[in-house]
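K.L.:
quick one: sequence plus predicted model below, questions after.
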Amino acid sequence: MVNSMHPTGTLIWYYYICSREVWLMSRQLTPWQENPFIEIGRLLSEEAYKRERKEIHLENIVIDLLKTEGENVVIGEVKKSSRFEKSARMQLAFYLWRLKQLGIEATGQLLFPKEKKKIIVTLTKELKAELIEAQAQIKEIIKMEIPPPAQKTKFCSKCGYQEFCWS
């Protein structure tokens with residue numbers, strides 16, 4: 001089980017999509033890796049922004065891109081679609097918050113290469129407060145003996161966990 005004292009960026013991402021996914025991921029039950037949407041995301045991560053420094057691992061976070069613009073540190077989160085913009089924004093805000101705790105001031109960029117879209121994310125008091133609440137809720141989900149009940153959402157049709165919920 002994931003250390004409930006330190007939720008990951010991935011769990012933040014899933015929290016804004018489906019609490020059942022949070023529970024499954026916390027138990028190291030990985031989604032079906034041959035799901036075409038997961039494969040597209042993996043390919044996009046490998047191919048997009050090749051010249052940028054990629055996948056920086058730091059404690060419980062994995063940053064897709066890291067660059068400097070002048071004296072500013074900029075981190076990027078690459079996603080295949082803005083369909084999950086809220087979850088992507090919160091995942092990136094979580095990374096910014098963790099970096100700030102480590103003494104690194106940074107700004108963030110959500111990058112959607114297929115849409116040629118970039119959204120700047122800065123860590124605000126409101127985002128920080130929302131992250132604190134999300135982490136508390138994630139810890140409660142992780143403590144559950146059984147997963148939360150399956151709930152049909154607009155995201156289910158492309159989910160790698162479909163069979164856990166709807167078979």
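P.N.:
Okay, I see it. Numbering: from 1, shown residues only.
K.L.:
tell me which residue of this protein is furthest from the middle?
P.N.:
Here the chain reaches farthest from its C-alpha mean at residue 70, the gap being 26.9 Å by C-alpha atoms, centre = their mean.
K.L.:
now do the helices in this protein.
P.N.:
Along the chain, the segments classed as helices by DSSP state H run 9-15, 19-26, 36-47, 85-101, 125-143, 162-166.
K.L.:
hey, which helix or strand in the chain has the poorest pLDDT?
P.N.:
helix 36-47 (a mean of 52; mean pLDDT, DSSP states H and E).
K.L.:
name the spans of the chain whose pLDDT lies under the cut-off.
P.N.:
1-5, 31-54, 167 (pLDDT under 70).
K.L.:
just give me the longest strand of it.
P.N.:
Using DSSP state E, we find that the single longest strand of the chain is strand 61-69.
K.L.:
what angle do it and helix 85-101 make?
P.N.:
Interaxial angle of strand 61-69 relative to helix 85-101 (axes from the mean of the first three to the mean of the last three C-alpha atoms, to 10 degrees): 80 degrees.
K.L.:
give me the buried positions along strand 61-69.
P.N.:
61, 63, 64, 65, 66 (16 or more other C-beta atoms under 10 Å). Placement of C-beta: from N, CA and C, glycine included.
K.L.:
surely the second one meets residue 96?
P.N.:
No. Taking C-beta atoms under 8 Å as the definition, residue 63 is not a contact partner of residue 96, at 9.9 Å.
K.L.:
overlap in contacts of the two?
P.N.:
residue 75 (C-beta atoms under 8 Å, 6 or more residues apart in numbering).
K.L.:
ok, the residue nearest to residue 153 when sequence neighbours are not counted - how many residues close by?
P.N.:
The shortest distance from residue 153 to any non-neighbouring residue, by C-beta to C-beta, 6 or more residues apart in numbering, is to residue 18 (6.4 Å). When neighbours are counted by other C-beta atoms under 10 Å, residue 18 registers 21.
K.L.:
contacts only, for residue 18.
P.N.:
Contacts of residue 18 (C-beta under 8 Å, 6+ apart): 151, 153, 155, 156, 159, 161.
K.L.:
now with 10 Å, please.
P.N.:
24, 25, 87, 148, 150, 151, 153, 155, 156, 159, 161, 165 (C-beta atoms under 10 Å, 6 or more residues apart in numbering).
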